[in-house]
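*Asks:* Need a 3D model of the following:
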Amino acid sequence: MITSTPSGGAFKGPSTKQNFNHNHASAMAHSAHQRLAVAKALTAPKAPQVPGAVPVPGAPTVAPPPPGGSFKAHVAHAVAKRGVHVTVQHVHGAIDSLTQKGQLTPFQGNSLKQHNGPLVGQAGQNTMGAIANELVAPKVPK
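*Replies:* Numbers count the residues shown, from 1 in each chain. Down below sits the predicted model:
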C-alpha cells in the first residue's frame, strides 16, 4: 500500500522507509522503458539486406557467447582466428558501417554499441556473423 505524506507529493512505497516523489517515479519508469526498447531492438529482425551485399568467403563463424559473456569479445576472438586483431572501437565501427549500409536500423546500431552482454538465438548469431564479416571484409578505398 502506498501512503501519502504530508509533504504534498511525496509517497512511501510498501515495505520501505524511503520517500519517493513524482520525479523519482518518472525517472524509474523512463529507465525501464529504455531497457525494454533496447531489448526489443536487440531481438528484432534485422533490416533487409542491401542489394549486392555478399558474405565474405571464408569469413569467421562466431560461436554463441557463454551466458553473461560479451558478444563483442566473441566477435573479436572469431576474427582473431583469421589474423585480424580488433578492439571494442573496431567492433563499434563495424556496427556503424552495417548501419550505414542499411543492414541494421540506427536504433539497433546504437543499442548494439551500448550492449555488453551476449546476443542469443539465431538472430544474435546472424548479427555477430555480420559484424565479423564486416571486420574481415576487404576495405575498398573511396
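*Asks:* Can you check the pLDDT for residue 14?
*Replies:* pLDDT for residue 14: 58.
*Asks:* whoops, residue 32 was the one
*Replies:* So residue 32 comes in at 73 (pLDDT).
*Asks:* Also residue 72?
*Replies:* At residue 72, pLDDT is 89.
*Asks:* Count the neighbours of it for me.
*Replies:* By other C-beta atoms under 10 Å, the residues close to residue 72 number 25. (Glycine included, C-beta is placed from N, CA and C.)
*Asks:* can you check residue 86 too?
*Replies:* 21.
*Asks:* tell me the secondary structure for the closest residue to it other than its chain neighbours?
*Replies:* Once flanking residues are discounted, residue 86 sits nearest to residue 76: 5.0 Å by C-beta to C-beta, 6 or more residues apart in numbering. At residue 76 the chain is in helix, as set by DSSP: H, G, I helix; E, B strand; the rest coil.
*Asks:* Wait, residue 76 touches residue 89, no?
*Replies:* No - counting by C-beta atoms under 8 Å, residue 76 does not reach residue 89; the two are 10.9 Å apart.
*Asks:* Which one's more surrounded, these two?
*Replies:* residue 76 (21 against 8).
*Asks:* and that one, what does it touch?
*Replies:* 85-88, 90-91 (C-beta atoms under 8 Å, 6 or more residues apart in numbering).
*Asks:* Quick check: pLDDT value at the residue nearest to residue 86.
*Replies:* 87.
*Asks:* quick one on the thing from earlier: which of the contacts of residue 76 count as buried?
*Replies:* Among those, those scoring as buried are 86, 90-91 (criterion: 16 or more other C-beta atoms under 10 Å).
*Asks:* Sort out which one of those residues lies nearest residue 27 for me.
*Replies:* Nearest to residue 27, judged by C-beta to C-beta, of the buried ones among the contacts of residue 76 is residue 91 at 30.5 Å.
*Asks:* which SSE is that closest one in?
*Replies:* helix 88-100 (DSSP states H and E).
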